[in-house]
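In: here is a sequence with its predicted model. Questions after.
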Amino acid sequence: MSGEKPTFGCGICGRSCRPLRRRAPDELAGAYQTYFGKSLPCEIVARYFTVPNVEFHCSACDMRWYGPGSLGDGDFYGTLGHMFDWYYAPDSWDKQAALAHITARKAATVVDVGCGDGAFLACLRARNITAIGIDINRQAVEAGRARGLDVFLPDDSPVRSCDVLCLFQTIEHLDRPIQALQDQIARYAPRELLVSAPTFRSLLGYSSDPLAWPPHHRSAWSRRGFESLARKLGLRLRAVWYEGLTIESYRDISGREPQGRIAGLPAPDGRLGRMAFHCARHLGRDWASRRHSILVSLGRP
């Protein structure tokens, strides 16, 4: 980065963060076409892609923050859900891992904040677990209700307590994650929180994936980041899981990059590339063993 270095406050500790990367609004909006094969509607680009965005790192909390662009509203997420059939990912890795954990813990009541059309709720209901979903996307709420599920807008939820509160790929969309989780804890009084988010301690952190940036995301997480968050909430980090990475996924993600490979990492194809990948995986390099997300369990000390 050149010129004047912008400052950005960490959403956990409030300290100024170090700038890492900068992306112009036209380039970032255009990356949806080059990365995912579909262009965003002009009205969405005109509304949300208006200023340059910078990636910042807080060394104290080991967090990445993105700004200053504004985050998307329900229309933005509704557009993504309509454009990409994988967007709400009913069988995503974090939901499958959480489902196994919830089932093993024999939880009776689960609230899923940011539930989309309720695919995860249907899996819970099939296991005789009472499941309530919350989402800001009115279209997703209506779709969930059409399936006979208990899905509500944030202010309409009838539930006041639960065994497990889930936030899958939600916390990274929040400007003030501590306040937001404090509000959710006060509203639902959960015994346990299951939270998943993109982790930059993975291949994602090396990529140019536009979904990691505003208007889609405000932050990217790590184990230390969740430990810092837990302390602020008076909770304890109980367990951590990471989404695994295969060499096939490594090739796919690398191939979406402008040059067909991620800068600074081995080429995805060829004998030497495969050897470098497996060697890095054996050595525990996060980019060779983790794909995108982290899932954590938070609870009372």
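Out: In hand now; what should we look at?
In: which parts of the stretch 151-300 of the chain are helices?
Out: 177-188, 223-233, 247-255, 271-282, 286-289 (DSSP state H, counting those that start in this stretch).
In: among those, which is nearest Phe36?
Out: Proximity to Phe36 (C-beta to C-beta) singles out helix 247-255 among the helices of the stretch 151-300 of the chain, at 11.8 Å. (Each C-beta comes from the backbone N, C-alpha and C, glycine too.)
In: can you list the helices of the stretch 151-300 of the chain in a markdown table and add distance to Cys166 and mean neighbour count?
Out: Shown next, in a markdown table, are the helices of the stretch 151-300 of the chain (distance: least, C-beta to C-beta, whole Å; neighbours: other C-beta atoms under 10 Å):
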| stretch | distance to Cys166 | mean neighbour count |
| --- | --- | --- |
| helix 177-188 | 10 | 17 |
| helix 223-233 | 15 | 19 |
| helix 247-255 | 24 | 16 |
| helix 271-282 | 30 | 14 |
| helix 286-289 | 25 | 20 |
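In: His217: which of the ones you listed is closest?
Out: helix 177-188 (11.6 Å).
In: how distant is the closest one from the center of its chain?
Out: 18 Å (C-alpha atoms, centre = their mean, to the nearest Å).
In: what does it contact?
Out: Residues from elsewhere that reach helix 177-188 (C-beta atoms under 8 Å, 6 or more residues apart in numbering): 11-12, 111, 113, 157, 159-162, 165, 167, 171, 174, 190, 193, 219, 229, 232-233.
In: for Asp62, which of the helices of the stretch 151-300 of the chain is the nearest?
Out: helix 223-233 (3.7 Å).
In: on that earlier part again, now, of the contacts of helix 177-188, which are buried?
Out: Buried members of those, counted by 16 or more other C-beta atoms under 10 Å: 11-12, 111, 113, 157, 159, 162, 165, 167, 171, 174, 190, 193, 219, 229, 233.
In: contacting residues around the spatially closest residue to Ile294 that is not a sequence neighbour?
Out: Closest residue to Ile294 apart from its sequence neighbours, by C-beta to C-beta, 6 or more residues apart in numbering: Thr199 at 4.0 Å. Contacts for Thr199 were tallied using C-beta under 8 Å, 6+ apart; they are Gly205, Ala220, Trp221, Ser222, Tyr242, Arg290, His292, Ser293, Ile294.
In: what bridges to Thr199?
Out: Trp221 (DSSP bridges).
In: domain parsing for the protein?
Out: 93-207+225-242, 247-286 (automatic domain parsing).
In: could you dump those to CSV with distance to Phe76?
Out: Putting these into CSV (distance: least, C-beta to C-beta, whole Å) gives the following:
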stretch, distance to Phe76
domain 93-207+225-242, 9
domain 247-286, 21
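In: nearest to Tyr35, of the ones you listed?
Out: Nearest to Tyr35, of the domains of the chain and by C-beta to C-beta, is domain 247-286 at 5.0 Å.
In: and the closest one, how far out from the chain middle?
Out: The answer for domain 247-286 is 22 Å, by C-alpha atoms, centre = their mean.
In: tell me the mean pLDDT for that domain?
Out: The average pLDDT for domain 247-286 rounds to 91.
In: stretch 223-241 now?
Out: For stretch 223-241, the per-residue pLDDT averages 97.
In: next one: stretch 58-77
Out: Mean pLDDT, stretch 58-77: 93.
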